[in-house]
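Visitor: Quick one, fold the following:
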Amino acid sequence: MYYQQRLTWGGVALHAGGLPGYPESHGCIHLPYTFSQQLFTITTLGATVVVEGNAVNHITTTDASLLAPMDAKGQQVTFEHLDNAQFRWQPELAPTGPLTIIISKKDQRIVVLRNGIEIGRSVAQVNDNDEGSHVITLSKGADGKLRWIYIGLPGHDEDKGRAVDEAILNRVRMPRQFYDDVHAELKPGTTVLVTMSSVGTQTTGEKLTILDAVSPTQ
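Guide: Okay, the predicted model is just below:
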């Protein structure tokens, strides 16, 4: 499997294409050869990968929890609920690494992950009833200014490369201190997933395992 990058210890991975003359693999994410090569050269252990949505209808999201966190050894990590707190901010849990922010319209919550580890969680007010998912990334323009840019997802191809309007940003409200804490950590390449899926505000209900893993033996 050329340019394979494991997502689990059970055989699910990112890798180039299929294998000519052999059955397609089950569960892996196949990538165009050149793209898989480029991705392989820039990613490192701990990078965040989000697999989200429904394969049959990629615009409709799931009601189950989007997060099924695992540590570097394949052990499941139990996230902490906010209970009565407005937010939690623990950047020391992962001092470095890629930053991913998940905004759940269903739960009215924001979760911040760095290097795949949850470092922050907050209540939020998200005034958007769009059932679809959107991904935006922080990019530095030729003028040196930082801008949020849409990454076009299937079903939202018209988004690709479009700058996020300030009116859209204003639809998301959160505690001021949490905003300041997150803002101080933003760097080019920070990714935001806006979704109707859950990020786990309840302790009961159906759970969705995005990545199933077993502990490595070595």
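
Visitor: Please make it C-alpha for all contacts and neighbour counts, starting now.
Guide: OK.

Visitor: how about the longest helix along the chain: buried residues?
Guide: If you go by DSSP state H, the chain has its longest helix at helix 33-42. Buried positions in helix 33-42, judged by neighbour count with 16 or more other CA atoms under 10 Å: Ser36, Gln37, Leu39, Phe40.

Visitor: Could you write out the alpha-carbon coordinates of that helix in PDB?
Guide: This file holds the C-alpha atoms of helix 33-42, laid out as PDB (Å, rounded to 0.1, in the frame of the first residue of the first chain):
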ATOM      1  CA  TYR A  33      -1.400   8.600  -6.000                       C
ATOM      2  CA  THR A  34       0.200  12.100  -6.300                       C
ATOM      3  CA  PHE A  35      -1.900  13.500  -3.500                       C
ATOM      4  CA  SER A  36      -1.100  10.600  -1.200                       C
ATOM      5  CA  GLN A  37       2.600  11.200  -1.900                       C
ATOM      6  CA  GLN A  38       2.300  14.900  -1.100                       C
ATOM      7  CA  LEU A  39       0.300  14.200   2.000                       C
ATOM      8  CA  PHE A  40       2.800  11.600   3.200                       C
ATOM      9  CA  THR A  41       5.700  14.200   3.100                       C
ATOM     10  CA  ILE A  42       4.000  16.800   5.300                       C
END
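
Visitor: what residues does it touch?
Guide: For helix 33-42, contacts defined as CA atoms under 8 Å, 6 or more residues apart in numbering pick out Tyr3, Gln4, Gln5, Leu14, His15, Ala16, Gly17.

Visitor: next one: stretch 144-151
Guide: Here stretch 144-151 has contacts from 134-141, 159-164, 188, using CA under 8 Å, 6+ apart.

Visitor: Just the terminal-to-terminal distance for stretch 184-195.
Guide: 23 Å (CA to CA, to the nearest Å).

Visitor: Any chance you could list what contacts that stretch?
Guide: 61, 98-106, 131-140, 146.

Visitor: give me that answer again for 7 Å
Guide: 98-105, 132-140 (CA atoms under 7 Å, 6 or more residues apart in numbering).

Visitor: Can you give me the domain boundaries for the protein?
Guide: 1-43, 48-195 (automatic domain parsing).

Visitor: sorry, back to before: would you turn the buried residues of helix 33-42 into JSON lines with pLDDT and distance to Asn127?
Guide: Formatted as JSON lines, the buried residues of helix 33-42 follow (pLDDT from 0 to 100; distance: CA to CA, whole Å):
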{"residue": "Ser36", "pLDDT": "87", "distance to Asn127": "36"}
{"residue": "Gln37", "pLDDT": "88", "distance to Asn127": "39"}
{"residue": "Leu39", "pLDDT": "89", "distance to Asn127": "34"}
{"residue": "Phe40", "pLDDT": "90", "distance to Asn127": "37"}
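
Visitor: ok, so of those, who is nearest Gln86?
Guide: The closest of these to Gln86 turns out to be Leu39 (CA to CA; 36.9 Å).

Visitor: ok, the closest one to Leu146 distance?
Guide: 23 Å.

Visitor: Let's verify Ser122: helix, strand, or coil?
Guide: Secondary structure of Ser122, reduced to three states by DSSP: H, G, I helix; E, B strand; the rest coil: strand.
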